[in-house]
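In: Test case, fold it:
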Amino acid sequence: MVLLHGQPYAFTSEVQTQNDYIHEWLPQKKDFLQILLELEAPPVPWICKICQKDGVYRCPDCMHQPLLCTSCCCMMHETHPFHRIQQWIGDFFEDTALHMTGLQLHFGHGGAPCPSTSDNQQDPPSTDDEEWEDMENIPPHLWPPVGSRYLTIVDVTGVHFVLVCACQCSNADSYHMQLFQAKLCPSSFEKPSTAFTFSVLDDFLRDNVECGTSGMNYYSKLCQITSNVFPHLVVDRYWELLQVAWQWRLLKLLKWSGFQDNKEGSKKGDLAIFCAVCPQPGINVSPMSNLDHWKYTRMVVMDGNFKVEHMHERWPDDQVWLMDGRGFMVTNPPYQAYLKATPHIMEKSPCNNHKAISQANASCRKLNSMGVGATACTWHGCFYPHSIVDFQKGERQLNMDYTLANALSYNMAGINNILCFYDINCTYMKNMQRCVDGSGFLHIPASMRITAGISMWHMHGHKKELASALLAREVFEKFKDAITPTQQNCWIKQEEAALLHHIDDPSVMDVFEIQLKKAPMVHAVELQLLQKSTKQGVHHGATSWITHSLVIEEGEIILKMSEKDGRQKKSELERLTIACCADKLAAQIYMSMDDEFTQNDVSNGQPNLSARTDTLDDDEIFSNSSDSNSSVDEVCGRDGFKVPKPSYLPLPSRFGIHHCKANKADSLAKMELELHMGQANDALHGLHLALADKAVVFRGVVRPTTNYSMRTWAWQMIHSIDTSMKQYAAIYRQCQMAMIALGTKSDMLDHYQELHKSQLSISTAAFTQGAHNHRSSQLPWFWTIDIPKDTNSKSWLTEFYHIHWLCTKAAQDHWAEEEELLTCEFQWVVNYFQHRAKIWNKIYMDNKSAGNLGAACYAARQQAVYEQLGEQGELIWQGMNQNDGTFNG
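Out: Now for the predicted structure:
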C-alpha cells in the first residue's frame, strides 16, 4: 500500500501495460485508417461553413478543417495569418497559401487597416506569370508575391509569404517597431524583408536547450513543414535565424532578470540563475546564522570540457559582445589581461594520464579555444555564474585558478568551509594557494578553508532510500547493547580523534580497519632466517641457496606452463626471447648444482621423488588453452627449442623429512619449510589480487562493451589474468607438496589446504549493493588465511566488535547528517523562492509608481509564480511532516 496524491493506492495485477493498449487498438486499426482517407475528400454538403456559398478552400490547421469560400477564408484568418490552407482543384485538395487569396496583414490600429492608407495600396496585386517563367516547375504556394509589398515570415508552421500594410499615420512608429509590436522580430531595420514570430524563436530556444537541436537542423525541420515534397525550394533564412535568435535570447534574459540593462551598474553573472539549494547568505540563509557549521559547507567540483572548441575569428576587432561577463562565461578583457600577466609553469604530474594533463602541451592549431573549464556545485550540478573560462592550450593551472576564484566570490559572504573536488587535485592543490597569492587578478579570502577531494565528479546526490536511515539507526542501537560502556567511550574517543585529525594525518583513519598481522612473505622469512642462521650454526649460505632454488623452481613452473601453451605460432623475436630465458634458467640450474652447499655428502640416499608427485590433474593448473597476451606467455614457449627437464635440485624436500633427520639435516628442512610457507603466502596473495582484478574487469569492462573490438580486448584481459592465476596456483601446489614432504604438522596443513579448481572462480554479484541470496555463500579458505583460527579468542572478537561498531556508527551518523542536510536544503529552497518573490515585488512597486504598466504587470506575474512555488514547497513539507506542521523557512 502506498500513498498517491495523499490517498492510499494499492497496485494490482489489473494495471494495463502498453501491450494491452496496443491489443485493444489493433481491432480498430481499419476504422482509423478509413477515417484518415475520408478526411481527404470534401465535406457533404459542399458549401462554405460561414456564408453557405460554394466552398473552395479548407484549413487543416483549424478545428474540423472547415470548407470556406475565398472571402470567408480571408476574414476567418485575419487573426491566424500563418495557417496553411488547401484549395480544391477538381480531384483533390492542393497546397496553397493565404496570400494567394488576397489576405493582408495590417500593422497598427489593432490589426485594422490604417485610415491614412490609400485604397490603391490596399488592393491585393495579382501575380505576374511572365516574370516567373523560370519558376514554372515550382509549386505556386512557394512563389513569392510579385509587384506587392510582402514579408517572408518564419513561424512554427513553416515559412510564409505574407502581404503586409504598415501604418502610415504621421505619429506612427518606424516599420521595424511596428513589426515587433505585432510579435514579429525583424532580421534588419532599414528595409526589413524577413521577420520571425515570437513563437518560432521560443520554440527554437526550447529545442536547442532540451533536445540539443542545432540551428541548421531546426530550419531544416521548418522547410519540411513548409513543403515535405520540395523542402529544397523553400527560401533559405538560416543565417537570419541564428542572428535573431541571439538577440531574442538576450532580450529574454534581460526580461527574466528584472529588466537590468545598465552595463555600468550590472553585476557579474546577473543574467544567470544559480542553485536554489546551495546556502547563499542573504538570499536563502540568514547572514546571522553560524555559517561555520558543517551544513553550510560549499561543495564545488571543477572540471574541463574539451569538446567545446572555438575557431579564431576572422575579424576579432569587429566582434560584438552581447552579454560579456553577465552570464556563465567570465568577462573577456580582464581574463585576457590575467592570461598575459600570468606565466604557466609546467610540472611533472604523478597522476595517471588524464586528458587535462596530456593536452596541456597540445597544439592549438587554428583554435581560439580548445575547450572550457567550469566550477559547479557538487550536489546539484548547477554551474557558478561568471566562472566558465576558455582553454587556450589545454587545462592549465592558471585557467582553473581563475574559475575557482570567481566561483568562490559568488554569494559566499561569511561561508569559510569549502570542499573542492577535482580529478587532478593531487597536482592542482600543490600550487593553487601560491598562484592565487602571487596574482593581482585573483583573490580568495585567507579565512576560507579549502579541503581537496579527488575523483568525485560523478558523486550522486541525496539517496532515495531514506528508509536506510531508520535501518542504520536501528542496527546501531541493537549493536550498542552488546558492548560495555567502557569500550563504547574508548571507541568514541578514537572516532573523534580520527575525524578531527584525518586531514593533517591520514594514518589516524586506520582505526576503521582491522589490525591483523599479515602472513609473512618469502622475503621477510628469508631476512629472518639470515639474521638467526649464524646463531643456530647453520651452514653459511644455506638460506640464500635454498631461496635461489625456490626461484628456479618457479621459473621451471612458468616454462612448463608455456610448453603446454606452445600451440600458437610465435614471431621470430618472441622465439628468440623465449630461448634466451630457457638458456638462462638452465645456466642457473647448473650453477646451483655446482654450489658449495651441494658438495655435502647427499649420495647416501636417493631423492624421494614420490613425495613431490602432483595430487591433482596437471591439466587443471598447467594447461592454458586460451589466447593470452600476458608477459609470461610472450617470453615462454617451445617454438624452436626444448624446455629444460626438471632439475631435481637436492633440496631437503626431495629426500623427505626422515632422511634429513637421519643425516642431521633437520635444521635445513625446517629452514626450507619456513621459506615454502612464505612462498605459499606470496602465491595466495597473488591469487587474491588476480581474482579481484578478474571480478572488476568482468563487471566494469567485459559486460559494458558494445562492439566486437572492445569485447575482444576485454576478453584478452580476462585470459591474461587467468594465466597469472594458473601460475600462482601451480606455485602454491609445489609449495604444499614440499611442506607435506617436510613433515608439516596437521594443524599447519589445515592452514595451507589443498587448492581446487572450483575455488579459483569469483562472482561479481558481491559487488552489487543490496544483492540477495548470498547469505549461505562461503568464500574459499584462502581468503581468510590472515584471520586467526581461534575465532573465540577475546582479542579477536574485541577487534571485530571494535571495527563493526565504528562502521555501524559511521553509517548511522551519515544518515543523521543526510537527514539534517536534506531538511535544511528543503528550507533553503523555499527561502530562495520567497527571496525572489520579494525582489519582484520591489520591481513591481518601482515600475507601477513610474507608470510602466507593462513592466509592472510582468513583475506582478513573476512575483505570483515565486509565491506559488514557495507555497507549494510548504505544502509538500507539511505533507511529509504531518505530526509537525510547522515550517521554519
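In: Residue 521 is in contact with residue 678, isn't it?
Out: Yes: Residue 521 lies in contact with residue 678 (C-beta atoms under 8 Å); the separation is 5.4 Å. Every C-beta, even on glycine, is put in place using the N, C-alpha and C of the backbone.
In: Look at the two and report which has more neighbours.
Out: Shown here are residue 521 and residue 678; by other C-beta atoms under 10 Å, residue 678 has more neighbours (22 against 16).
In: and that one, what does it touch?
Out: 520, 521, 522, 523, 524, 525, 526 (C-beta atoms under 8 Å, 6 or more residues apart in numbering).
In: where does residue 61 land in three-state SS?
Out: The assignment at residue 61 comes out as coil when based on DSSP: H, G, I helix; E, B strand; the rest coil.
In: Actually, residue 376.
Out: Classified using three-state DSSP, residue 376 is strand.
In: swap in residue 304?
Out: strand.
In: partners of it in the sheet?
Out: Note on residue 304: beta-bridge partners by DSSP bridges are residue 373.
In: how near is it to residue 345?
Out: Per C-beta to C-beta, to the nearest Å, residue 304 is found 18 Å from residue 345.
In: what about the two, which has more around it?
Out: Remark: of residue 304 and residue 345, residue 304 carries more neighbours, 26 against 11, as counted by other C-beta under 10 Å.
In: That one reaches residue 372, doesn't it?
Out: Yes: distance between residue 304 and residue 372: 6.9 Å, which falls inside the contact criterion (C-beta under 8 Å).
In: any common contacting residues for the two?
Out: With C-beta under 8 Å, 6+ apart as the test, residue 304 and residue 372 both reach residue 391.
In: Now the lengthiest helix in the chain: average pLDDT?
Out: Ordering each helix of the chain by length in residues (DSSP state H) puts helix 794-850 first. Averaged over helix 794-850, pLDDT sits at 84.
In: Run the chain-centre distance for that helix.
Out: From the chain centre to the centre of helix 794-850 is a distance of 24 Å (C-alpha atoms, centre = their mean, to the nearest Å).
In: other SSEs contacting it?
Out: Where contact means 3 or more C-beta pairs under 8 Å, 6 or more residues apart in numbering; DSSP states H and E, helix 794-850 is packed against helix 467-480, helix 485-501, helix 853-880.
In: Dump these to a markdown table, plus mean pLDDT.
Out: Shown next, in a markdown table, are those (pLDDT from 0 to 100):
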| stretch | mean pLDDT |
| --- | --- |
| helix 467-480 | 55 |
| helix 485-501 | 77 |
| helix 853-880 | 91 |
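In: Give me the local confidence score for residue 524.
Out: 77.
In: going forward, begin numbering at 348 instead of 1
Out: Fine by me, first position is 348 from now on; the one you just mentioned is residue 871.
In: If you drop the residues flanking it in sequence, what lies closest to it?
Out: Once flanking residues are discounted, residue 871 sits nearest to residue 1025: 6.6 Å by C-beta to C-beta, 6 or more residues apart in numbering.
In: where do the strands sit along the stretch 648-797 of the chain?
Out: Ranges of strands in the stretch 648-797 of the chain, per DSSP state E, counting those that start in this stretch, are 657-658, 714-716, 718-724, 736-738, 764-769, 796-800.
In: In JSON lines: these, plus mean pLDDT.
Out: Listed next are the strands of the stretch 648-797 of the chain as JSON lines, based on pLDDT from 0 to 100:
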{"stretch": "strand 657-658", "mean pLDDT": "78"}
{"stretch": "strand 714-716", "mean pLDDT": "78"}
{"stretch": "strand 718-724", "mean pLDDT": "92"}
{"stretch": "strand 736-738", "mean pLDDT": "91"}
{"stretch": "strand 764-769", "mean pLDDT": "91"}
{"stretch": "strand 796-800", "mean pLDDT": "88"}
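In: looking at these, which is closest to residue 503?
Out: Residue 503 lies closest to strand 657-658 among the strands of the stretch 648-797 of the chain, at 30.3 Å (C-beta to C-beta).
In: how far does the closest one sit from the chain's center?
Out: With C-alpha atoms, centre = their mean, you get 25 Å for strand 657-658.
In: Check which helices and strands that strand is in contact with.
Out: strand 714-716.
In: Tell me the strands beside the strand it packs on, with direction?
Out: Applying DSSP bridges to the sheet, strand 714-716 is found paired with strand 657-658 (antiparallel).
In: list the buried ones in stretch 892-902?
Out: Using 16 or more other C-beta atoms under 10 Å as the test for burial, stretch 892-902 gives 892, 893, 894, 895, 896, 897, 899, 900, 901, 902.
In: for stretch 658-670, that is, sorry about that
Out: Buried-residue list, stretch 658-670, by 16+ other C-beta under 10 Å: residue 670.
In: Ignoring the adjacent residues along the chain, who's closest to residue 872?
Out: That would be residue 1025: by C-beta to C-beta, 6+ apart, it lies 3.6 Å from residue 872.
In: check which helix or strand covers residue 647.
Out: In the assignment (DSSP states H and E), residue 647 maps to strand 645-652.
In: Show the average pLDDT along that strand.
Out: 91.
In: likewise stretch 907-916?
Out: 60.
In: ok, now stretch 1015-1023?
Out: The model assigns stretch 1015-1023 a mean pLDDT of 82.
In: Need the residues that contact it.
Out: So stretch 1015-1023 is contacted by 869, 872-873, 875-876, 880, 885-886, 889-890, 893-894, 897, 998-1000, 1004, 1007-1008, 1082, 1085-1086, 1089-1091 (C-beta under 8 Å, 6+ apart).
In: quick revisit: a markdown table please, covering the helices and strands packed on helix 1141-1197 and showing distance to residue 1101 and mean neighbour count.
Out: Shown next, in a markdown table, are the helices and strands packed on helix 1141-1197 (distance: least, C-beta to C-beta, whole Å; neighbours: other C-beta atoms under 10 Å):
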| stretch | distance to residue 1101 | mean neighbour count |
| --- | --- | --- |
| helix 814-827 | 37 | 14 |
| helix 832-848 | 40 | 13 |
| helix 1200-1227 | 58 | 15 |
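In: Which one of those helices lies nearest to residue 1065?
Out: It's helix 814-827; of those, that one is closest to residue 1065 (C-beta to C-beta) at 34.4 Å.
In: thinking residue 1194 is in contact with residue 1207, fair?
Out: No: with contact defined as C-beta under 8 Å, residue 1194 does not count as touching residue 1207 (9.4 Å).
In: Distance check, residue 606 against residue 528.
Out: 18 Å.
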